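Student: okay, predicted coordinates and the sequence, questions at the end:
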Amino acid sequence: MYAEIIIPLALPKNYTWMIPVSMQEEVAIGMRVEVMLGANKRYAGIVKNINSNAPEAFTPKPILSVLDDAPIVYEHQLALWEWMAEYYMCTEGEVMQAAIPSHLKISSESVFVLNEQQEEDLKNLSDAEYIISEALEIKKTLTLLEIQKLLDKKSVYPVINKLIQKGICYVQENMKDKYTSKVEIFLSLHTQYKNEAALEKLLNEWTRAPKQLNLLLAFLHFEKTEGSVQQKSILEKANATHAQLKALIDKGILVAEKRKIDRLASDPHTGNTALHSLSEKQKEAFASVKEQLLEHPVGLLHGITGSGKTQIYVALINEVIQQNKQALYMLPEIALTAQMIRRLKQYFGGSIAIYHSKFNPNERVEIWNKVKSGEIKIVLGARSALFLPYKNLSLIVIDEEHDPSYKQQEPAPRYQARDTAIYYAKQLKAKVVLGSATPSVETYFNAVSKKFGYTYLNERFSTGALPKIELIDTKKQPAGTAILTPQLLASISKTIANNKQVILFQNRRGYAPYLICETCGWIPHCEHCDVTLTYHKAKNLLSCHYCGASYPIVNTCKACGKQNFKQKSFGTEQIEEKLNQSLPGVIVARMDLDNVRGKNEHDQLIQKFEQRQIDILVGTQMVVKGLDFENVDLVGIVDADSLLNFNHYRVNERAFQMMEQVSGRAGRKNDNGTVIIQVSQLQHPIVQLVQQHDYFGFYNFEIQNRKHFSYPPFSRLMSLLFKHKENNIAEEAANHFLHSLTPEMQKTVLGPAQPIVNRVRNKYIWELAIKISKQPQQLQLAKKQLLHYIRLLQVHPRYKSVNIIIDIDPN
Ligand code: ADP
Ligand code: ZN
Ligand code: ZN
């Protein structure tokens, strides 16, 4: 018997290994097995197929060991991987790499780390397991080679696998932004006072220690409104001391317990909120979505900002779990905030799990297993949640479906998670609901063409109407006030005077996007990329936003030697500074990649803003996505021109979506919402359409452009990037490739051209853009041809060191 095995590498095809007779009973599709590749590389690969025919050209090596007792992935997942590799022109190994948590990946390069929190009883370990766990206790980490030496044998995967299963070690990961689930102390009422009468008696008979009583009352109030109470926040709220709290605990009134926040094992206090009853309009929309799904695999829920789409998803998901099936709720990574998690946990409590790349490996494997067994019914996650082993997935909700971050850029698989979900759902006979206030042009086109169902919800839940939008002409402003015009400043002051909050949006971080020598026009660039350097005032440096390199501030021009630099344009940092200067006493916070690094910081800032500890939040896209603040009356788009001026076929779509979405953060709970857009191109059609909140006008305008230039949805785009240290080699390779295509195919290609940023991390880039008919057959043919010539280029003596990146349906 032989097995086709997927290895987590970018191999051109899957290879075959022989299944030794002794293992034939054990091996099944979807299990991990240990195999050797080349002379000494070992991998845990996944069995994709088993067959009895020996390969003709070579004698396969034997499988070394079987790692699992049962498959870790379902066959429908393997079919998805195969489709993704085919469609996105990458390898199944690359898909596997993205799809399974690091815990389940073992290779010669892996490093194994002691799990300091393990609780396994060492008596239950085999001799080999014991040796390794002892070594881990001492050294904390071990490489595969070290383990092989310790056990004096080559085949050690089964032992490692057992240790991982038993939670004694895990596979080290390169996590730049590790998500640590924090431990917090939570307070609850002692069970004896859960009974109303007992509590009443306690309060009525309270005589001394009024401060303790105050604290207890604050606790009771907090518990009622928030569900669960953190020690830290209650002490703050009640202005109480640790001693007072300790007294309540010692008296057996309150109980303190450590709990991990955001962990899978969910907070027992949540999950009891009854579902909100839907408004009339929401009920109609809910019924309509369901009806559409009877006839269509995909339904679009087009609901204006604040219309309560989340409530409708919740109702849909609720029906799914009533039938004991699974639902996946996808959000763009950045929108996966504690706020959203809290909202959903209120309804679903412990049956919902959160999955994203920043969770630690233990948590991810735990979720993996519980999704596979069907114990977890609802998964809330970003695009990678698509790869979990669903047992009976029946609904996928894709919130903010227009969001560009559903497309993975780097590394392969460069997949569009929304489109992949639609494909996958079809295979699983599951349904997809796409939701947005600003649907992507493709999606709305599909709805208009009746390929997708369509439901429109055009009323805000609490106020009915969308906020009014004022345009301010930045050309007509007194000198030096272009960043914060007098009108914007006045509105901000008024809003804050009314005890309301403000969000200001600017799509650039840093202080000034570039510096320019006023004498000769020289602009400092990154040494590794063709990118101007952004000036960061607080850090006092220049930084490249492409590769992250930073440089000291330049004072002397490298071209003319003068010291005459001027800052051009402005970023969030400068807005923050200007606000602080103009509005003393007002509390301003900034939310962008420079000061919000991890998920925790993002959540904390949102929470502070929710709790009104901040008056004005200045930020990049981060402030846009799906957030629901009830106290924000004013939203300002500080520099709309920066959204309108770049060269991309989607520029109008992105600009409309961004502005409409930011606007949607204003006046969500009352009708005083106002949006101010500062712009010099007042007559720009997109600006005009945003001012009217006119999505349909936008679509009609845009779809004509797309048709005229035969851009998606009227064609498919592919981009091929050729990257090389030497500019002329990259260019030649692109040309060589182009001329190897058939004349027919060549007609569909634009370029080679240099992208706007034509050098990144010391590599020059040349691009071919390909527009292909959407006919599946033509597409397949084209891909086949492309792949063939790419392979030829990869073995060409002059071009084999050129890095070729294929991007299907690029953003
Ligand atoms: P959207 O996602 O469409 O922008 P949300 O789902 O965030 O809108 O809803 C906007 C606000 O209105 C939220 O604060 C939400 O809790 C509230 N809301 C919406 N529908 C209801 C409802 N049926 N009952 C109570 N509150 C609701
Ligand atoms: Zn100069
Ligand atoms: Zn750079």
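Tutor: Now that the structure is in, tell me what you want to look at. Ligands and ions are numbered 1, 2, ... in the order given.

Student: from here on, just use CA atoms for contacts and neighbour counts.
Tutor: Noted.

Student: count the neighbours of the residue of the stretch 251-400 of the chain found nearest ligand 2 for me.
Tutor: At 40.5 Å from ligand 2, residue 334 is the closest residue in the stretch 251-400 of the chain, using Cα to the ion. Other residues within reach of residue 334, judged by other Cα atoms under 10 Å, total 17.

Student: got the residues of the stretch 301-450 of the chain near ligand 1?
Tutor: Residues of the stretch 301-450 of the chain found near ligand 1 (Cα under 6 Å from any ligand atom) are 303, 305-311.

Student: is it true that residue 693 touches residue 662?
Tutor: No - using Cα atoms under 8 Å, residue 693 makes no contact with residue 662, being 11.8 Å away.

Student: ok, the closest residue to residue 114 other than its chain neighbours to residue 471 distance?
Tutor: Distance criterion Cα to Cα, 6 or more residues apart in numbering; nearest residue to residue 114, sequence neighbours excluded, is residue 169 at 4.4 Å. Distance of residue 169 to residue 471, computed by Cα to Cα, to the nearest Å: 58 Å.

Student: neighbour count for those two, which is higher?
Tutor: Taking neighbours as other Cα under 10 Å, residue 169 and residue 471 compare with residue 169 leading, 29 against 18.

Student: any low-confidence regions in the stretch 401-550 of the chain?
Tutor: 464 (pLDDT under 70).

Student: what ranges do the helices span in it?
Tutor: Per DSSP state H, counting those that start in this stretch, the stretch 401-550 of the chain carries helices over the ranges 417-428, 441-448, 486-497.

Student: rebuild those helices as CSV, extending it with distance to residue 115.
Tutor: Converted to CSV, those look like this (distance: least, Cα to Cα, whole Å):
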stretch, distance to residue 115
helix 417-428, 33
helix 441-448, 45
helix 486-497, 49
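
Student: quick one: closest of those helices to residue 477.
Tutor: Using Cα to Cα as the measure, helix 486-497 is the one of the helices of the stretch 401-550 of the chain that comes nearest residue 477, at 8.2 Å.

Student: packing partners for the closest one?
Tutor: strand 501-505, strand 632-637 (3 or more Cα pairs under 8 Å, 6 or more residues apart in numbering; DSSP states H and E).

Student: in CSV, list the C-alpha atoms belonging to that helix.
Tutor: Extracted in CSV, the C-alpha atoms of helix 486-497 (Å, rounded to 0.1, in the frame of the first residue of the first chain):
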residue,chain,number,x,y,z
PRO,A,486,-11.9,76.3,12.4
GLN,A,487,-15.2,74.6,11.6
LEU,A,488,-14.0,71.2,12.6
LEU,A,489,-12.4,72.6,15.8
ALA,A,490,-15.6,74.4,16.7
SER,A,491,-17.7,71.2,16.2
ILE,A,492,-15.3,69.2,18.3
SER,A,493,-15.5,71.7,21.1
LYS,A,494,-19.2,71.8,21.0
THR,A,495,-19.5,68.1,21.0
ILE,A,496,-17.2,67.7,24.0
ALA,A,497,-19.0,70.5,25.8
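
Student: could you check the angle it makes with strand 501-505?
Tutor: Counting by axes from the mean of the first three to the mean of the last three Cα atoms, to 10 degrees, helix 486-497 lies at 150 degrees to strand 501-505.

Student: could you check the angle strand 632-637 makes with helix 486-497?
Tutor: Orientation check (the same axes, to 10 degrees): helix 486-497 against strand 632-637 gives 160 degrees.

Student: mind starting the numbering at 35 from now?
Tutor: I'll keep to 35 as the first residue from here, and by that count the last item is helix 520-531.

Student: please identify the buried residues of helix 520-531?
Tutor: Across helix 520-531, burial judged by 16 or more other Cα atoms under 10 Å covers 522-523, 525-527, 529-530.

Student: against ligand 2, how distant is residue 719?
Tutor: Separation of residue 719 from ligand 2 (Cα to the ion, to the nearest Å): 38 Å.

Student: just give the number of residues close to that residue.
Tutor: Neighbour count of residue 719, defined by other Cα under 10 Å: 15.

Student: just residue 635 next, same as before
Tutor: Per other Cα under 10 Å, the neighbour tally for residue 635 reads 13.

Student: could you identify the helix or strand that succeeds the helix or strand in which it is found?
Tutor: Assigned by DSSP states H and E, residue 635 belongs to helix 633-644. Next in sequence after helix 633-644, counting helices and strands by DSSP H and E, comes strand 650-653.

Student: which helices and strands sit right next to that following strand?
Tutor: Judged by 3+ Cα pairs under 8 Å, 6+ apart, strand 650-653 is in contact with strand 535-539, helix 606-616, strand 622-625.

Student: the ones you listed: which one's closest to residue 195?
Tutor: Across the helices and strands packed on strand 650-653, the minimum distance to residue 195, taken as Cα to Cα, is reached by strand 622-625, at 41.7 Å.

Student: contact residues of the chain facing ligand 2?
Tutor: Applying Cα under 5 Å from the ion, one finds that the chain approaches ligand 2 through 551, 553-554, 591, 594.

Student: could you rerun that using 8 Å?
Tutor: Applying Cα under 8 Å from the ion, we find that the chain lies next to ligand 2 at 550-556, 590-598.

Student: just curious, which of the residues of the stretch 335-484 of the chain next to ligand 1 is nearest to residue 820?
Tutor: For those, the closest approach to residue 820 (Cα to Cα) belongs to residue 337, at 40.4 Å.

Student: for residue 721, see how far away that closest one is.
Tutor: In terms of Cα to Cα, residue 337 sits 21 Å off from residue 721.

Student: before we move on, what about residue 845?
Tutor: Going from residue 845 to residue 721 by Cα to Cα gives 22 Å.

Student: look at those two and report which has more neighbours.
Tutor: residue 721 (24 against 17).

Student: what residues does the more buried one make contact with?
Tutor: Shown in contact with residue 721 (Cα atoms under 8 Å, 6 or more residues apart in numbering): 690, 715.

Student: what's the answer for residue 265, then?
Tutor: Neighbouring residues of residue 265 by Cα under 8 Å, 6+ apart: 218-221, 290.

Student: ok, the most centrally placed residue in the chain - contacts?
Tutor: Among the residues of the chain, the one closest to the centroid is residue 367, at 2.0 Å (Cα atoms, centre = their mean). Contact partners of residue 367, counting by Cα under 8 Å, 6+ apart, are 390, 415-417, 439.

Student: these in helices, which ones?
Tutor: Using DSSP state H, no member of these falls in helices.

Student: and those as JSON lines, adding distance to residue 736 and neighbour count?
Tutor: Shown next, in JSON lines, are the contacts of residue 367 (distance: Cα to Cα, whole Å; neighbours: other Cα atoms under 10 Å):
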{"residue": "390", "distance to residue 736": "34", "neighbour count": "17"}
{"residue": "415", "distance to residue 736": "31", "neighbour count": "23"}
{"residue": "416", "distance to residue 736": "28", "neighbour count": "24"}
{"residue": "417", "distance to residue 736": "27", "neighbour count": "26"}
{"residue": "439", "distance to residue 736": "21", "neighbour count": "18"}
